[in-house]
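Participant: how would this look folded up:
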Amino acid sequence: MRMPRAGRLLLATCLGSLFVLVLYFQNITKPEPAVRTESTPGKSRRSPLQTLYNGDQSELAAQRSLQGRRELLEQACLSHTRKRQVLSPEDLKHLIVDDKHGLIYCYVPKLCTNWKRDLMVLTSDGRHVNPLDIPPTRRRGGSPRTLSEFTVPEINRRLRDYLKFVFVREPFERLVSAYRNKFTRSYNTAFHKRYGTKIVRRNRPDPEPGALEKGDDVSFPEFVQYLVDPRTQREEPFNEHWERVHSLCHPCMIHYDVVGKYETLEPDARAVLRLAGVEEALQFPTSGKSTRTDGNMAARFFKHVSPFYQKKLFNLYRMDFLLFNYSTPEYLRTR
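Facilitator: Numbers count the residues shown, from 1 in each chain. Now for the predicted structure:
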C-alpha cells in the first residue's frame, strides 16, 4: 500500500529535521586545515583549533589544564545523560560566532559580559582598542552574529572547524548574582513588571496592592519558590539569566574545546586570546560594573530558604554542578 503524497512529504520533512546538525558531536581528534585570515590574503595561519591541539612545548602546561576540564565534562556527560538530544538552529542562539578568528563562544548571562565586548572588537574594523570604550547603546545593537543565524551546512562547518569555548560559574553564585541584579536594583523595572508581579501574585499571601502592581520587592525565598514551581517552566522557558548552563550551551551535544571558569577568569581568558592569536592586540577587560558574589554571600541568601526548597532548587540545578565539576555547597541544608 503506497503512502499518500502528503504523508511522504511530512515524513521527509521529519527525517530531514533529524539532520539539522550532523553527527559532529564527537571528540575532535584532528584539527582542520589552517584558516585564511582577512589581514593576509592568500596566506594561511594556524587556526585556534590547531593551536590548541597541536601546540608547542611552551603551551603544554596550560593545555593540560584545559584538557583535564574537557575530559571531566565528557565523563560527566557519559555518566549523567541518557537520551541523545537533536539540536536545531533555534537551540544555538547563545553561541556567538567570530568568523574572522575562527571562534564560537557560548554566552552565559550573569557570568562574563566582557567576552561579548571582546568579540565585538575582534569582529569590528578595529577602531575600538579598549572593549570598555564601546558605548552601551552599541553593545546592545551591534552584537556579533549567533550560530542560529546561519544555514544548516554553515552551522555544521563552523562547529567542525572553529574553536568553541564556554565560561561557567558556580551555579548558585550565578543565581544569587542574577537575583540581586534583576530584583534588587531599582532601575530594573522591566524585570519587576515581567517577573516580580507574577512571583508576588503566586507566592505571597495577601500581597499589598503596590507589590502586585510593581513587583519590586521580591525576596530571594520567593524567587526560589518561583523557580522550583512546576508551573513556571510549563508556562514558558526560564529567562536566560537563571536558565541552566547546560540548557543554554548544550555541552553534552557540542564539543567545547575550552571550558573556562569564572573562578579563574583572567588566566582562562588570556588562554583563549592566546589561542586566537590576539593576546598582544587585545587585553581582556577586568573592570566594569558587575554583580559579584562569593560563597559567603550565597550562603547568606540561602540561609533564609527552607531545607525543603533548598533541596528542590539543588535538584533543578544539579546537572550544572555535575557537568562542570562544582561541589555541593557546604551551606546547603537538604535533609
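Participant: can we go C-alpha only for contacts and neighbour counts from here?
Facilitator: Noted.
Participant: contacts only, for Ser327.
Facilitator: Phe321 (CA atoms under 8 Å, 6 or more residues apart in numbering).
Participant: can you check which strand is longest in the protein?
Facilitator: If you go by DSSP state E, the chain has its longest strand at strand 163-168.
Participant: quick one: residues in contact with that strand.
Facilitator: Contacts for strand 163-168 (CA under 8 Å, 6+ apart): 48-49, 102-108, 111-112, 245, 249, 255-262, 324.
Participant: what helices or strands is the helix or strand following that strand leaning on?
Facilitator: Scanning forward in sequence from strand 163-168 by DSSP states H and E, the next helix or strand is helix 171-183. Under the contact criterion of 3 or more CA pairs under 8 Å, 6 or more residues apart in numbering; DSSP states H and E, helix 171-183 touches helix 295-302, helix 307-323.
Participant: and Thr291, what pLDDT?
Facilitator: Thr291 carries a pLDDT value of 48.
Participant: no wait, Asp56
Facilitator: 58.
Participant: could you do Val245 as well?
Facilitator: On pLDDT, Val245 comes in at 97.
Participant: correct me, but Tyr107 touches Lys93?
Facilitator: No: if you go by CA atoms under 8 Å, Tyr107 and Lys93 don't touch, sitting 9.1 Å apart.
Participant: the two: who's more crowded?
Facilitator: Shown here are Tyr107 and Lys93; by other CA atoms under 10 Å, Tyr107 has more neighbours (24 against 16).
Participant: before we move on, back to that, compare the helices and strands packed on helix 171-183 and give me the one nearest Glu74.
Facilitator: Of all these, it is helix 307-323 that lies closest to Glu74, at 8.2 Å by CA to CA.
Participant: buried ones in that closest one?
Facilitator: 309-314, 317-323 (16 or more other CA atoms under 10 Å).
Participant: need those residues in JSON lines with distance to Arg145, can you?
Facilitator: JSON lines is the format used below for the buried residues of helix 307-323 (distance: CA to CA, whole Å):
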{"residue": "Tyr309", "distance to Arg145": "39"}
{"residue": "Gln310", "distance to Arg145": "38"}
{"residue": "Lys311", "distance to Arg145": "38"}
{"residue": "Lys312", "distance to Arg145": "36"}
{"residue": "Leu313", "distance to Arg145": "33"}
{"residue": "Phe314", "distance to Arg145": "34"}
{"residue": "Tyr317", "distance to Arg145": "29"}
{"residue": "Arg318", "distance to Arg145": "31"}
{"residue": "Met319", "distance to Arg145": "28"}
{"residue": "Asp320", "distance to Arg145": "26"}
{"residue": "Phe321", "distance to Arg145": "29"}
{"residue": "Leu322", "distance to Arg145": "30"}
{"residue": "Leu323", "distance to Arg145": "27"}
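Participant: export these as CSV, with columns for pLDDT.
Facilitator: Output for these, formatted as CSV (pLDDT from 0 to 100):
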residue, pLDDT
Tyr309, 97
Gln310, 97
Lys311, 97
Lys312, 97
Leu313, 98
Phe314, 98
Tyr317, 98
Arg318, 97
Met319, 97
Asp320, 97
Phe321, 97
Leu322, 97
Leu323, 97
